[in-house]
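Q: Based on what follows, work out the 3D shape:
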Amino acid sequence: MEHAHIDGRAMAIANWQALRLLPAAAVQHPPSGPAPAFERAPAPVEGYSVGTTNAGSIVGAVSLPASYPALQIRPISLTRNAYYGTPGLVAMLVKAAERVAREHPGSVLWAGDLSLPDGGALSPHASHASGRDVDLSFYVSAPSAKADLAPADSAAMRYIDGEGRVSGSELVFDIPRNWALVAAFLEDPVATPQWIFVAAHLRELLLAYGRTHADARLVAKAEVVLMQPRDSSPHADHFHMRIYCGLAERLEGCLDAAPFHSWAPRHEAALAHWLEGLLPFLDTPRVPETKEAIERIVRMNATPAIPHLERLLASDPAARDPAITALAEDALDFLQGRRTPAAWKRWRAEDAPP
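A: I've put the predicted structure just below:
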């Protein structure tokens, strides 16, 4: 399809049409490494995850509340400075902790590591790089004088045995409260969990409770999201939750890894509409506009743009700026999985070829 010529003035008027639907706010930039030119563009969201959970970063991260009755930060995570996440994740944690505390007075959710203020590698974790992961201590309880259970939550991540008990103590894994937490995450109207990692024997305790106390559709989601990981510890002492990228984050370079649950929004129609708005700028001879368009396409990991980039490279090279040629070749190699320029490594999908 041929596109009308668009000059720099029209580019400014267009102002990235899709972003008009999104909130605008000034944010900080990633702190290190060579950054593509589109880092100069105003960010459309308060804060967002960039790249993958294993090799990404955060722009405009927010911290968990320092002192909040229903939600506390583990001292070791304070020491590590690892209590930063995307606005969506932090809001989700606050809402869920509040909900559990309303339903079960006295409950305190202890949050472990999220991410560093700018993201990046966080030892000893393989993930937690882009503000979409969090470790959470289990709710535990002790038998009370009334023969029921009383909250005994603390910062400790206690190992829970096959009987649902804390090894070496009278404390137990509080199934109703831990289920209430899982339900709050799964019912969040904004953020969507991809995984809640937990040991298989605790997963079964939670699902058994859910099947007798919750809607079947909610239990069906929990059956998918609750999972013992295959490539790390079984998670018998804490939850590890990961959320998907939101739409605004995907426009800024946030990358999810498969699988994609059937109910999780993928925003494909919105992204396709956004891409359609970018494609005309591949035809303009003005270098800044074409460069911005190509770099935005890379940031979105927009593989449907491949034939349009190929068409750009097939045009008369004498009429094309060499910088655009080099950038388009880099973008094409990146989107086809052949090569990843150093400045774009944060946007490489975790399951893509190196």
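Q: can you give me the offset of stretch 222-232 from its chain's centre?
A: How far stretch 222-232 lies from its chain's middle: 17 Å, per CA atoms, centre = their mean, to the nearest Å.
Q: What residues sit buried inside that stretch?
A: Of all the residues in stretch 222-232, those buried under the rule 16 or more other CB atoms under 10 Å are Ala222, Val224, Val225, Leu226, Met227, Gln228. All C-beta atoms are positioned from the backbone trio N, CA, C, and that covers glycine.
Q: which other residues reach the helix or strand containing Leu206?
A: Mapping Leu206 onto the secondary structure by DSSP states H and E places it in helix 200-213. Outside of helix 200-213, the residues that reach it under the criterion CB atoms under 8 Å, 6 or more residues apart in numbering are 138, 160, 162, 164, 173, 175-176, 178-179, 182-183, 198, 218-219, 222-223, 226-228, 234, 236.
Q: Now tell me what touches the helix or strand following that helix from outside.
A: Scanning forward in sequence from helix 200-213 by DSSP H and E, the next helix or strand is helix 216-225. Outside of helix 216-225, the residues within contact range by CB under 8 Å, 6+ apart are 182-183, 186-187, 193-196, 206-207, 210-211, 261, 263.
Q: Ranking by neighbours, what's the top pick from those residues?
A: Within the contacts of helix 216-225, neighbour counts (other CB atoms under 10 Å) peak at Val182, which reaches 27 neighbours.
Q: and it, helix, strand or coil?
A: Recorded secondary structure, Val182: helix (DSSP: H, G, I helix; E, B strand; the rest coil).
Q: how much does the helix holding Leu206 deviate in direction from helix 216-225?
A: Helix 200-213 and helix 216-225 are oriented at 170 degrees to each other (axes from the mean of the first three to the mean of the last three CA atoms, to 10 degrees).
Q: Would you mind listing the buried residues in helix 200-213?
A: Those buried within helix 200-213 under the rule 16+ other CB under 10 Å are His201, Leu202, Arg203, Leu205, Leu206, Leu207, Tyr209, Gly210.
Q: Just the buried residues of the longest helix along the chain, please?
A: Criterion DSSP state H: the longest helix present in the chain is helix 87-103. Burial within helix 87-103, assessed by neighbour count using 16+ other CB under 10 Å, is assigned to 87-90, 92-101.
Q: by contact count, what packs against that helix?
A: The contact analysis (3 or more CB pairs under 8 Å, 6 or more residues apart in numbering; DSSP states H and E) places helix 87-103 against strand 62-63, strand 71-73, strand 109-111, helix 175-186, strand 238-243.
Q: of those, which approaches His128 most closely?
A: Between His128 and these, the shortest gap by CB to CB is with strand 238-243, which sits at 9.0 Å.
Q: which neighbours does the closest one have in its sheet, and in what orientation?
A: strand 133-137 (antiparallel), strand 193-197 (antiparallel) (DSSP bridges).
Q: Show me how far it is from its chain's centre.
A: In this view, strand 238-243 has its centroid 11 Å away from the chain centroid, taken as CA atoms, centre = their mean.
Q: Summarise which helices and strands the helix or strand just after that strand is packed against.
A: Next along the chain after strand 238-243, taking DSSP H and E as the criterion, comes helix 247-251. Applying 3+ CB pairs under 8 Å, 6+ apart, one finds that helix 247-251 makes contact with strand 48-50, helix 268-278.
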